[in-house]
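Visitor: Using only what follows, build the 3D model:
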Amino acid sequence: MRQYALSIPDEMLEAARVDGASEGQIFRRIVLPSLKPIVVTLALFVFLGSWNDFLWPLIILTDQSNYTLPVALAALSREHVQDIEMMMAGAVITVAPVLILFLALQRYYIRGMLAGSVKG
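Guide: Numbering: from 1, shown residues only. A predicted model of the protein is given here:
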């Protein structure tokens with residue numbers, strides 16, 4: 001986040017100050033829109049970290065009705081070892097929300113990659 005924020009040109013911030021913008025307006029109207037790709041990426045990483053968390057819910061949760069999807073999938077694999085179709089359906093259900101979220105936010109990744117590219 002820090003390195004990406006340092007890539008915002010100081011000239012742009014100084015031009016906003018010369019135009020009479022306050023520090024809050026500069027942050028809200030210039031810095032935040034410039035940081036949108038990295039904020040979306042960080043939010044996705046945090047979401048994936050909590051979505052795929054396995055060990056902590058396995059230790060804490062005692063009731064099967066409260067299991068998270070990765071823990072429920074592991075419990076399902078112990079119960080239905082030979083039922084490959086059920087395991088694959090559980091894996092698709094576990095991966096589908098992450099895939100949908102990634103596809104919905106894909107334009108921010110592309111915008112962030114293009115912002116760092118060199119023209120010429």
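Visitor: the strands in this protein, which residues?
Guide: Taking DSSP state E as the criterion, the chain carries no strands.
Visitor: Give me the residue at the spatial middle of it.
Guide: Nearest residue to the geometric centre of the chain (CA atoms, centre = their mean): residue 44, 0.4 Å.
Visitor: Tell me if I'm right that that residue and residue 103 touch.
Guide: No. The pair residue 44 / residue 103 is not scored as a contact, 11.4 Å apart, by CB atoms under 8 Å. For glycine as for every other residue, the C-beta is placed from the backbone atoms N, C-alpha and C.
Visitor: Give me the common contacts of these two.
Guide: Common neighbours of residue 44 and residue 103, counting by CB atoms under 8 Å, 6 or more residues apart in numbering, are absent.
Visitor: just for this structure, where's the confidence low?
Guide: 112, 115-120 (pLDDT under 70).
Visitor: Please report how far residue 74 lies from residue 57.
Guide: Per CB to CB, to the nearest Å, residue 74 is found 10 Å from residue 57.
Visitor: Leaving out chain neighbours, which residue sits closest to the residue nearest to the centre of the chain?
Guide: Spatial nearest neighbour of residue 44, excluding adjacent residues (CB to CB, 6 or more residues apart in numbering): residue 105 at 6.3 Å.
Visitor: Repeat that for residue 87.
Guide: Excluding its sequence neighbours, the residue lying closest to residue 87 (CB to CB, 6+ apart) is residue 77, at 5.9 Å.
Visitor: Quick check: the one you found vs residue 100, distance?
Guide: Between residue 77 and residue 100 the computed distance is 24 Å (CB to CB).
Visitor: Of the two, give the one with the bigger neighbour count.
Guide: Counted by other CB atoms under 10 Å, residue 77 and residue 100 do not tie: residue 77 has more neighbours, with 14 against 10.
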